[in-house]
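Participant: I would like to see how this sequence folds:
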Amino acid sequence: MADSAALSISPSDKALALVAAFYATSLPVKTDDSLAQAMSSLTLSTGSTIVGSNTIATYLASTSAQGEKEAGSTDIEKAEVAQWLTLSAKFAEDKSSLETLNSHLETRTHITSPISPALADLIVYARLQPIYAADKSLHHSLINLTRWFDFVQNNDSVRAAIEKASIDLPVVEIDLNAPKQEKKKVEKKDKKKDKDAAKADPKMEKTKDVAAAATESAAAAPTTTPPLKDKKKDKKDKPKKEKAPPPPPTPLFPDLRVGYIEKAVKHPDADALYVSTIHCGDEAPRTVVSGLVRYVPLEAMQGRKVVVITSLKPAKMRGILSEAMVLCAVREEGENRNVEPIAPPADAEAGAKLWVPDFEGFVEKNGNKVWERFAPDLKTDAEGKMVWQGKRIRIGGAEGGECGVTVDWGKDCTVG
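Facilitator: As a prediction, this is how the structure comes out:
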């Protein structure tokens, strides 16, 4: 690699710093304080730039003799590595992803490689380290993950890379002892103590005498039964209370965003599916599985901007976890079916959110029910623009650019 290539790492990007040291990259590496709130970047000798921790880490591993296989030799292996790199970026905000990894490691020593720590292990460990240091309850509740974590953090090659690059990733002392719950002691009443207190306090004796006299007089008094009320009559006489109408629900809009397809490959186990790496404005790109093989050529999927829904619950499709869905115009005429991805404006940035009038907020995750209510009214209009209940969907706000399709059959059809 030419001397003009350089790697700039954000001070907070410990995962990328570990990967660079572990794979002993020959690139000049600098920690750039100006990148504290931005993404790390890799400038290649060709002048092009790669940004994002996961993308750069995958590049460094795949271009090194040591990491070529560890970054994935086949398309399915590469997709699996990308899946765990993406998931690890969400550990801090989504603890359920830790349970997913814990289950995955039940029968594995490492995340992807069967022999030694590989790219996925390095990235996941560096992102998990501050979480494991701060929350020791995870040590005994996620036992498979803890076993793997302790193995990786004490690996000689990993520790050598950490010391070489002076990365702040100290060994976390593992605590497998669950906290003991103290049982509350129920105090028994001391009857003797109560008797002694009563003798000592004449007022208490008087109170007891008064209470006993009241009980006797109540027992001696004649009992009279009050006349029964006609409950049915009372109910008829009382005017019925009108129920106040429930407040109108705050409308929620699915989280639709502009996505940029960095790379798409065919699913190794399904002829009709693509596995795409799509940038959606998150810290790491998302892995998205789509059934577009019969409708869009593979070369047309590369470097393409699309509209994705990111608020659906992630779902496995033939063994690969899909974290979003690509929206397409769909027209079915008899046995013929046409599908075309919805296109945002050419100048729209990846991650820009789409907006519809009258909606007050976005549902950010697990919004399957919101999508089910929303989807039937999502269509294209007579000009091929995407609309909801006839209102055009725009980028960012009322004045933003519109999304749609340019194919002739894509007018007045469904979107899904």
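Participant: List the buried residues of the longest strand anywhere in the chain.
Facilitator: Taking DSSP state E as the criterion, the chain has its longest strand at strand 256-266. By neighbour count on 16 or more other C-beta atoms under 10 Å, the buried set for strand 256-266 is 256-262, 264-265. Backbone N, C-alpha and C define where each C-beta goes, glycine included.
Participant: would you list every one of the helices in the protein?
Facilitator: 14-22, 53-62, 75-88, 96-104, 119-134, 137-141, 143-153, 156-164, 191-200, 202-220, 231-237, 298-301, 368-374 (DSSP state H).
Participant: The closest residue to S64 other than its chain neighbours: neighbour count?
Facilitator: Spatial nearest neighbour of S64, chain neighbours left out: Y23 (4.3 Å); criterion: C-beta to C-beta, 6 or more residues apart in numbering. Look at Y23: counted by other C-beta atoms under 10 Å, it has 23 neighbours.
Participant: just A15 next, same as before
Facilitator: Neighbours around A15, by other C-beta under 10 Å: 26.
Participant: wait, it sits on D121?
Facilitator: No - contact criterion C-beta atoms under 8 Å: A15 and D121 do not qualify, at 11.0 Å.
Participant: Check which helices and strands the longest strand of the chain sits against.
Facilitator: Counting contacts by 3 or more C-beta pairs under 8 Å, 6 or more residues apart in numbering; DSSP states H and E, strand 256-266 is packed against helix 75-88, strand 274-279, helix 298-301, strand 305-309, strand 354-355.
Participant: Assess the claim that S45 and A5 are in contact.
Facilitator: Yes - in terms of C-beta under 8 Å, S45 counts as a neighbour of A5; the distance is 4.6 Å.
Participant: For V307, list the residues it contacts.
Facilitator: With contacts defined as C-beta atoms under 8 Å, 6 or more residues apart in numbering, V307 is in contact with 256-259, 326-327, 341-344, 354, 386, 403.
Participant: Beta-bridge partners for E333, please?
Facilitator: N336 (DSSP bridges).
Participant: just for this protein, where's the confidence low?
Facilitator: 1-4, 25-38, 66-70, 114-115, 177-252, 357-366 (pLDDT under 70).
Participant: ok, back up a step: got the helices of the chain as JSON lines, with distance to T380 columns?
Facilitator: Converted to JSON lines, those look like this (distance: least, C-beta to C-beta, whole Å):
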{"stretch": "helix 14-22", "distance to T380": "41"}
{"stretch": "helix 53-62", "distance to T380": "33"}
{"stretch": "helix 75-88", "distance to T380": "31"}
{"stretch": "helix 96-104", "distance to T380": "35"}
{"stretch": "helix 119-134", "distance to T380": "40"}
{"stretch": "helix 137-141", "distance to T380": "47"}
{"stretch": "helix 143-153", "distance to T380": "46"}
{"stretch": "helix 156-164", "distance to T380": "52"}
{"stretch": "helix 191-200", "distance to T380": "83"}
{"stretch": "helix 202-220", "distance to T380": "82"}
{"stretch": "helix 231-237", "distance to T380": "57"}
{"stretch": "helix 298-301", "distance to T380": "19"}
{"stretch": "helix 368-374", "distance to T380": "15"}
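Participant: among the ones you listed, which is nearest E332?
Facilitator: The closest of those to E332 is helix 368-374. By C-beta to C-beta, the value is 19.8 Å.
Participant: Extract the CA atoms of that closest one and return them as CSV.
Facilitator: Extracted in CSV, the C-alpha atoms of helix 368-374 (Å, rounded to 0.1, in the frame of the first residue of the first chain):
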residue,chain,number,x,y,z
ASN,A,368,-44.6,-3.8,13.1
LYS,A,369,-48.1,-2.9,14.3
VAL,A,370,-47.7,0.7,13.2
TRP,A,371,-46.4,-0.4,9.8
GLU,A,372,-49.5,-2.8,9.4
ARG,A,373,-51.9,0.2,10.0
PHE,A,374,-49.8,2.5,7.8
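Participant: Enumerate the positions of that helix that are buried.
Facilitator: 370-371, 374.
Participant: so which of these comes closest to R108?
Facilitator: Nearest to R108 among the buried residues of helix 368-374, with distances taken as C-beta to C-beta, is W371, at 33.6 Å.
Participant: just checking, the closest one touches I309?
Facilitator: Yes - applying C-beta under 8 Å, one finds W371 in contact with I309, separated by 6.6 Å.
Participant: any residues in contact with both of the two?
Facilitator: Shared contacts of W371 and I309 (C-beta under 8 Å, 6+ apart): P254.
Participant: who's in contact with the spatially closest residue to S62 that is not a sequence neighbour?
Facilitator: Distances taken as C-beta to C-beta, 6+ apart place A71 nearest to S62, at 4.2 Å, with adjacent residues excluded. Applying C-beta under 8 Å, 6+ apart to A71 gives the contacts 58, 61-62, 78, 81, 118-119.
Participant: Swap in 10 Å and give it another go.
Facilitator: 23, 57-64, 77-78, 81-82, 112, 118-120 (C-beta atoms under 10 Å, 6 or more residues apart in numbering).
Participant: Can I have the buried ones of those residues as a ChimeraX selection?
Facilitator: Buried subset of those, written as a ChimeraX selection, criterion 16+ other C-beta under 10 Å:
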select :23,57,58,59,60,61,62,64,77,78,81,82,112,118,119,120
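Participant: is it true that V308 touches T287?
Facilitator: No - using C-beta atoms under 10 Å as the test, V308 is too far from T287 to be in contact (11.7 Å).
Participant: Identify the contacts common to these two.
Facilitator: 276, 278, 323-324.
Participant: coming back round to it: between S45 and A5, which has more neighbouring residues?
Facilitator: The residue with more neighbours, out of S45 and A5, is A5; 16 against 12, by other C-beta under 10 Å.
Participant: Please report how far that one lies from P285.
Facilitator: Separation of A5 from P285 (C-beta to C-beta, to the nearest Å): 22 Å.
Participant: and D168, how many residues sit next to it?
Facilitator: D168, neighbours per other C-beta under 10 Å, totals 10.
Participant: Could you find the closest non-adjacent residue to it?
Facilitator: Leaving aside its sequence neighbours, D168 sits nearest to K14 (C-beta to C-beta, 6+ apart; 6.8 Å).
Participant: Could you work out the end-to-end span of stretch 294-306 for me?
Facilitator: With C-alpha to C-alpha, to the nearest Å as the measure, the ends of stretch 294-306 fall 17 Å from one another.
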